[in-house]
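> A structural model of the following input is requested.
(3 chains)
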Amino acid sequence: MATKASRASARLMISPAVILLLGWMIIPLSMTLYFSFLRYNLLQPGPTPFVGWENYYWFFTDPSFSAAMINTLVLVGGVLTITTVGGICFALLLDRPMFGQGIIRIMVIAPFFVMPTVSGLVWKNMFMNPVNGIFGRIATSLGFQPVDFFGQIPMASIILIVSWMWLPFATLILLTALQSLDQEQLEAAEMDGANWRNRFWFIMLPHMARAITVVILIQTIFLLSIFAEILVTTNGGPGVATTNLTYLIYVSSLLQFDVGIGSAGGVVAIILANIVALFLMRMIGKNLDA
Amino acid sequence: MGQISLSQVTKSFGDVNVIPPLDLEINEGEFVVFVGPSGCGKSTLLRLIAGLEDVTSGHIAIDGQDATDVPPAKRGLAMVFQSYALYPHMTVRKNIAFPLRMAKLDQAAQDKKVEEAARVLNLTDYLDRRPGQLSGGQRQRVAIGRAIVREPAAFLFDEPLSNLDAALRVNMRLEISELHKQLDTTMIYVTHDQVEAMTMADKIVVLRAGNIEQVGSPLELYRRPQNKFVAGFIGSPKMNFLTGATAAAYDAQTIGIRPEHLEVSRDSGDWKGVVGVSEHLGSDTFFHVPVPDSDDPLTVRASGEVDLKRGEEIFLTPIQEHLHRFDDQGLAIR
Amino acid sequence: MARAVPTRTKWFNTATAGTLGFLMFFPILWILILSFKTEEDAIRAPLEVLFASDWTTQSYGAVQERSDYFKHFMNSVTISVGSTLLGLIIAIPAAWAMAFVPAKRTKDVLMWMLSTKMLPPVGVLIPIYLIFRDFGLLDTRVGLTFVLMMINLPIIIWMLYTYFKEIPGEILEAARMDGATLREEVIYVLTPMAIPGMASTVLLNIILAWNEAFWSLQLTSSDAAPLTQFIASYSSPEGLFYAKLSAASIMAIAPILIMGWFSQKQLVRGLTFGAVK
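Now for the predicted structure:
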């Protein structure tokens, strides 16, 4: 259907989007890169000299940096494990015949639509508060010492909250993938003598493999930027126990007003995200051809 | 109205040349079928005529007027698509009326024409339904209705029956032929099914790799195929081909003989063979007989009464006047 | 073919899945209950909360009085709807062109657009913050609307593209054969067929913008603060506030919860960029 005239107008129609996105990408990115080589603190007016790799040096040697890197990995890894394994189980369960499937599915999915600040605060106060929270009440009534979630196991608590929010996402996508599996394939396997475990292992899981990869990659992109949940619950503490990379950069740039070091951190975060994005893009690109 | 001529038309997609220079004359009121295996360029050719693709070079004239650069809507042609391409959000009535609405015809005239088309196509009861609520055959008729109301110079059909089941296909074949008799308008019909071509066409155009292999009436193509490709493509079951010494005996590289032109005998004949698989259709029986100089077993058509057992030794004799001879280029020797 | 499943198996599945579903949903249910309690009752033991206390709607009124809930609600509406509609205006022509007039590099352009979505927000936090400060855009609805439009633009384009792609090309060709001009083709054929897809795109993007927390927390403080920021102001405890926090939370998530339930299917497509359908 492509004729010459339509090509030209097509280019014209794409250009606003391209120009905006290009500007959105290039201007802030180059500014971040530029700032990361300056000594630039908003609290110290005056010249902002070029200092080479100094900011990177300070950022990397800051003990909170290594802590933040480890925290980021633990947070992302923990949430990914829980949501992927849990999501597979939920999807398999929801795919089975039952009564009121629609309502149950709605209940499982609901947490995904809760805004991060709400889930952070609700879990922190109504559930994890050692005195008035439900967990504390249950522990006390059973005669146990209540757990001080954010004092004793801060990172695990955050992982729990974030997993609650993302488990529905994994479930929904894996369920969609599972439902696209041809029932005749499963029946054929059954005729071939495969029991349930074999059918799961050799047919369902390979069928879901793609979706699982997509879930992992997309979640990683979002989980690397977890911020609001930490801000409203622990403020990165106690100490730096729940400070991830995103939060550390926020602290150094907007709380300590050190633009230089904050920017250096930003560059590091971009590089990290790009490594994941590379794999994700390859998967999506493949699908575009199919 | 409805005379179309193509001269030196070519089409390339990028570096791929789909249609080499091609000339074709389609006369007024003719039912022309483009037939060929998939990927032979027949659909592309139809889309060039429709104006949905630009020709790379050459000219297309409709009723003597150069139409090469005329946009599709202005060519006065109507097309029925393989997927029917009905507008899913419009009722049948609106679908059929759409071209009239685009032509800014007044409402009364639109209604009249839609009613008329619906009556011809037995769609009157379905006018207020949506395409999603119709069966395959009904959708097909709506697509035809949408084409009819425009009173086009020619109808273009792009494999219109390929989404229907076998029984319905036979029905629609008759309906379209009947429509052609009634309207007496040029129809160009693309199919990969030689049965459709044989049963419907006034003129068949056999295409292979964008080249016209032969143009002629169904019986011409059946009786005097110009080359091995056409010989093998037209006719069902397919023509048998023999090479080697058997062909050399007839002074040819390859000889071809249709299943219906082989005589069977238990006692004597030109070629000896052993009966393999047989297919009993009731009226006819097809025997598959392996012989030395043919890659595939020969197909032999016999009357339904003939009863030969698997493993029986028989003799086959080609009817001489129906024997086709081909040279090493695959061209017919006359 | 679906096979007949014994009723007992079905009940067993229902019980298992129902329990898990209830556990997932419980936090939301719990704040719904607490929001109808007084502050004193809201911190009692769970069973007492349920069975030994009265119901009241006073917390909802208190939230409005204490912190002008309605203003923030309107901010959320303006910002999420505004950013989505703005994005749509830019995305529709782009997606249309890429879906129906594909060129050699269309795929690359699409992939590049997506890649901008992968950029971690914290990587551009400082420049955006400084630009906003210098142009007086901090704590303005215009500023946040623009930023949210930009971060969701790739998703909007991508979703529209996949929906447009599903409209069979033959139908548009049929319209052209029927004498429709490009304008008529868009008005009578393309738009009606694309509306369901556009509706889901709008829905998903309103949800995403409504729940967006990073930029909302960084770039707004009071005047333009949407509900995400408004709720965050409850993070510093000031006496008894469970009931009010619950009421505020319910009001912040209810509209999106309802929209979200309607758009489950589209959610998968939108969030996986078409990699899972």
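
> Find the centremost residue of the chain, please.
I went with chain A, as the question did not name one. Central residue of chain A (C-alpha atoms, centre = their mean): residue A:223, 2.0 Å from the mean position.

> try chain C instead
residue C:207 (0.9 Å).

> could you point out where chain B is predicted with low confidence?
Scanning chain B for pLDDT under 70 picks out B:1.

> does chain C sit close to stretch B:124-133?
No. Stretch B:124-133 is not in contact with chain C by C-beta under 8 Å from any C-beta of the partner chain; minimum separation 10.5 Å. Any C-beta I mention is one placed from the backbone N, CA and C, and that applies to glycine too.

> State the helix or strand in which the residue of the stretch 51-200 of chain A found nearest chain B lies.
Nearest residue of the stretch 51-200 of chain A to chain B: residue A:184, at 20.8 Å (C-beta to the nearest C-beta). Element membership of residue A:184 [criterion: DSSP states H and E] is helix A:183-191.

> ok, now residue B:144?
helix B:136-148.

> Is chain A within reach of whichever strand or helix holds the residue nearest to the centre of chain C?
Element membership of residue C:207, judged by DSSP H and E, is helix C:191-211. Yes. Residues of helix C:191-211 contacting chain A under C-beta under 8 Å from any C-beta: C:207, C:210-211.

> Give me the residues contacting the helix or strand following that helix.
Heading C-terminal from helix C:191-211, the first helix or strand you meet, by DSSP H and E, is helix C:214-219. Here helix C:214-219 makes contact (C-beta atoms under 8 Å, 6 or more residues apart in numbering or on different chains) with A:117, A:225, A:227-228, A:231, A:250, A:254, C:79, C:121-122, C:125, C:128-129, C:132, C:137-139, C:143-144, C:147-148, C:151, C:225-226, C:228-229, C:232.

> Give me the subset of those residues that lies in helices.
A:117, A:228, A:231, A:250, C:79, C:125, C:128-129, C:132, C:143-144, C:147-148, C:151, C:228-229, C:232 (DSSP state H).

> if we can go back for a sec, what about the helix holding residue A:184, near chain C?
Yes. Helix A:183-191 reaches chain C (C-beta under 8 Å from any C-beta) through residue A:183.

> Output the contacting helices and strands for that helix.
helix A:196-199 (3 or more C-beta pairs under 8 Å, 6 or more residues apart in numbering or on different chains; DSSP states H and E).

> model confidence over the helix it packs on, on average?
Helix A:196-199 shows a mean pLDDT of 82.

> what angle do the very next helix or strand once past that helix and helix A:183-191 make?
Next helix or strand after helix A:196-199 toward the C-terminus (DSSP H and E): helix A:205-223. If you take axes from the mean of the first three to the mean of the last three C-alpha atoms, to 10 degrees, helix A:205-223 sits at 130 degrees to helix A:183-191.

> Tell me which residues of helix A:205-223 come out buried.
By 16 or more other C-beta atoms under 10 Å in any protein chain shown, the buried positions in helix A:205-223 come out as A:207-208, A:210-212, A:214-223.

> Tell me the one among the residues you listed nearest to residue A:279.
Residue A:279 lies nearest to residue A:217 out of those, by C-beta to C-beta, at 5.9 Å.
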